[in-house]
Every structure is written in structure tokens, then in C-alpha cells.
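Chemist: curious how this folds, go ahead:
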Amino acid sequence: MTSRARLALFDFDGTLVDSLGLIVRTFHAAFEENGLPPPDASAIRETVGLPLAVSVRRLRPDLPVAVAEAVVETYLGLYAEGQRTAAGHPPLFDGASDALDGLEAAGWWLGIVTGKSRRGLMGTLEHMGIRDRFVTLHSADDGPGKPLPDPALAAAAAVGVAPSDCVVIGDTVYDIAMAKAAKMAAIGVSWGYHAPDALAGAGAAVVLDSFIPLPSTALDLWERAGR
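Modeler: Here you go, the predicted structure:
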């Protein structure tokens, strides 16, 4: 087996953790606290994965800049407050921990690229006791977000892994678009927030229905590409 480092970059919300309910409740509360009607849950679902400020603009493009910024700040405050309790930490999807084990056993390093704030990400990882499993983390606080290639490229560069030795695992078209723009292999997952057909249409090499085949699928994509 090659000694070259390989990096599996995971999206967080909707890929590793089942956080939609928490995200929707926090969005609703943030809008309501600013005197605004809450967006539909289906509309919120479509924006998960984008930077928070971009999500708010997509949900309400008519808002004045100052009001949109207030919604973002309220959301961040509410999320941080919620993380003081166990209910503020979404659970890992079934099979996620075993998949991380399998990837590590196959020689992959693990990383996360998310549109979540670093405080929110770190709070949940530390609550779960899995922070040390990831060699690189890129959050909304670290620069441009998805679907630009910048987050994936920055995460890979932080640990000295070439884009050609990376695979991105995500549940939204923003994850897949980021991977394609960064010239990384892209694996979609069907249990998240965008439809499998949308992930395939965005360029995912494969869309998985469970975590079980992830380690072998990632290795197969890497080997078939001649890496």
C-alpha cells in the first residue's frame, strides 16, 4: 500500500450528524426574535451547508443588510446557548463512527469542511469526544465557504495533502460542487438534506445509502483514478 497521505473530508450537518431539527428550530427562533415570520422548514433544508449569512440572504433576499446581520447574530447566540445542554448537540448518524474507524484502518486521514461556525463545530465534536479524530477542520470562520473550492483546498493544504489524494463526502450539492471545483473525488450520501438525484446531477461519483460501503468506495475511487 502506498505511503502517500490520503484525506477524507466530511461535511458535518446532514452527513455526519442528524442536525436538521435543531437547525430549523434555531432559524425559526432567530427570525421570530427579530420580528420576522419564520421560513418554511423545506426552504431552510435547501440552504444547509452554506455559510450562515448566505443562508439568511437566500431565505429572505429582501431583508436590509442590518436586519439580515441581526438574524445571523441571533442565530449564533441561540445555537451557542443551546449547546450548554445535551439537546443542543445533534447525534451522529447510525454507522458514522464505524465508517470513521474503517477509513482510518484503510490509511485515510479524516477532516471536516463545514459551513458551521467553529464554536458550534468544536462544541459538538468535544461533546461527542471525537475532536481528536480529525486532523483538519475548516469552518465558516476560516474563509470563503461552499460551493467555492477554497474550504476543501485550505483543509487539504493545512495537512499537506494534494487535492488528488482527497475525497469529499457530503449530502448537498454545495459539497459536491466544492469537491469538483477543487478537483477532488466526490461521494454523496442519501440520508442528508438534498435528493440523491441532485447529488448525482451535481457530479457525485457515487451516492451511498449507508455508511457501510464508504471505506471501500473511497479507496476504489482513489485507486481507479490512478492515485
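
Chemist: shaky segments in this structure?
Modeler: 1-3, 86-87, 226-227 (pLDDT under 70).

Chemist: show me where it has strands.
Modeler: Remark: strands assigned in the chain by DSSP state E are 6-10, 108-113, 136-138, 166-170, 185-189, 206-208.

Chemist: okay, these, which one's buried deepest?
Modeler: Comparing the strands of the chain by mean neighbour count (mean count of other Cβ atoms under 10 Å), strand 166-170 comes out on top with a mean of 29. Bear in mind the C-beta positions are built from the backbone N, C-alpha and C, glycine included.

Chemist: buried ones in the longest helix that the chain contains?
Modeler: Counting residues, the longest helix found in the chain (DSSP state H) is helix 65-82. Residues of helix 65-82 classed as buried by neighbour count (16 or more other Cβ atoms under 10 Å): 68, 70-72, 74-76, 78-79, 82.

Chemist: about what we covered before: now the strands of the chain in JSON lines, with distance to Pro37?
Modeler: JSON lines is the format used below for the strands of the chain (distance: least, Cβ to Cβ, whole Å):
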{"stretch": "strand 6-10", "distance to Pro37": "34"}
{"stretch": "strand 108-113", "distance to Pro37": "32"}
{"stretch": "strand 136-138", "distance to Pro37": "33"}
{"stretch": "strand 166-170", "distance to Pro37": "30"}
{"stretch": "strand 185-189", "distance to Pro37": "32"}
{"stretch": "strand 206-208", "distance to Pro37": "34"}
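
Chemist: quick one, which of those strands is nearest to Gly49?
Modeler: Gly49 lies closest to strand 166-170 among those, at 7.3 Å (Cβ to Cβ).
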